[in-house]
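A.B. asks: Sequence first, then the predicted structure, then my questions.
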Amino acid sequence: MNAEERQQFSQKIQAAIATTEKNITSLEKLTRPISPDNAIGRLSRMEALNSKSVNEAAMITAKQRLGGLKFALANLDGDDFGICMECGEPIPMARILVMPESNLCVKCAD
């Protein structure tokens, strides 16, 4: 990978980090505790609690992705960036473009 490609990946990863951080902030607002007497619009308390659970799961996933993105950004200049951590083969560039936090090739990720 040449310097220009690394710069493009760096910009893509930084943009993904910013987007993910915004998503986490939004999800944190949606996962605040729900008071027992609070119904949100026409939603019942059970529906509100279910929605909160879904948003909490999404927030956990977003935080995991954020960690992976920050790890990828920190290791972008390393010799092992773009190399599968399991089999040692290069990860296809298309996969890295879609999931820059990925450290496994498609075969090993299965």
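C.D. replies: Received the coordinates, thanks. Numbering: from 1, shown residues only.

A.B. asks: got a list of contacts for the helix or strand bottoming out on mean pLDDT in the chain?
C.D. replies: For the chain, the helix or strand with the lowest mean confidence is helix 93-98, at a mean of 85 (criterion: mean pLDDT, DSSP states H and E). Helix 93-98 is contacted from outside by F9, K12, G82, S102, C105, V106, using Cβ atoms under 8 Å, 6 or more residues apart in numbering. (Each C-beta comes from the backbone N, C-alpha and C, glycine too.)

A.B. asks: Could you rerun that using 7 Å?
C.D. replies: Contact with helix 93-98 is made by G82, S102, V106, as judged by Cβ atoms under 7 Å, 6 or more residues apart in numbering.

A.B. asks: What's the first helix or strand after it?
C.D. replies: Sequence-wise, the next helix or strand downstream of helix 93-98 (DSSP states H and E) is helix 106-109.

A.B. asks: how about the CA coordinates for the least confident helix or strand of the chain, as PDB?
C.D. replies: The C-alpha trace of helix 93-98 is given here as PDB (Å, rounded to 0.1, in the frame of the first residue of the first chain):
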ATOM      1  CA  MET A  93      -9.000  -3.700  -0.600                       C
ATOM      2  CA  ALA A  94     -12.800  -3.800  -1.300                       C
ATOM      3  CA  ARG A  95     -13.300  -5.300   2.200                       C
ATOM      4  CA  ILE A  96     -11.100  -2.700   3.800                       C
ATOM      5  CA  LEU A  97     -12.900   0.100   2.000                       C
ATOM      6  CA  VAL A  98     -16.300  -1.200   3.300                       C
END
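
A.B. asks: Just the buried residues of the contacts of helix 93-98.
C.D. replies: Buried by 16 or more other Cβ atoms under 10 Å: G82, S102, out of those.

A.B. asks: what sits against the closest residue to E56 other than its chain neighbours?
C.D. replies: Residue nearest to E56 in three dimensions, not counting chain neighbours: T31, with 4.9 Å by Cβ to Cβ, 6 or more residues apart in numbering. Neighbouring residues of T31 by Cβ under 7 Å, 6+ apart: K52, N55, E56, M59.
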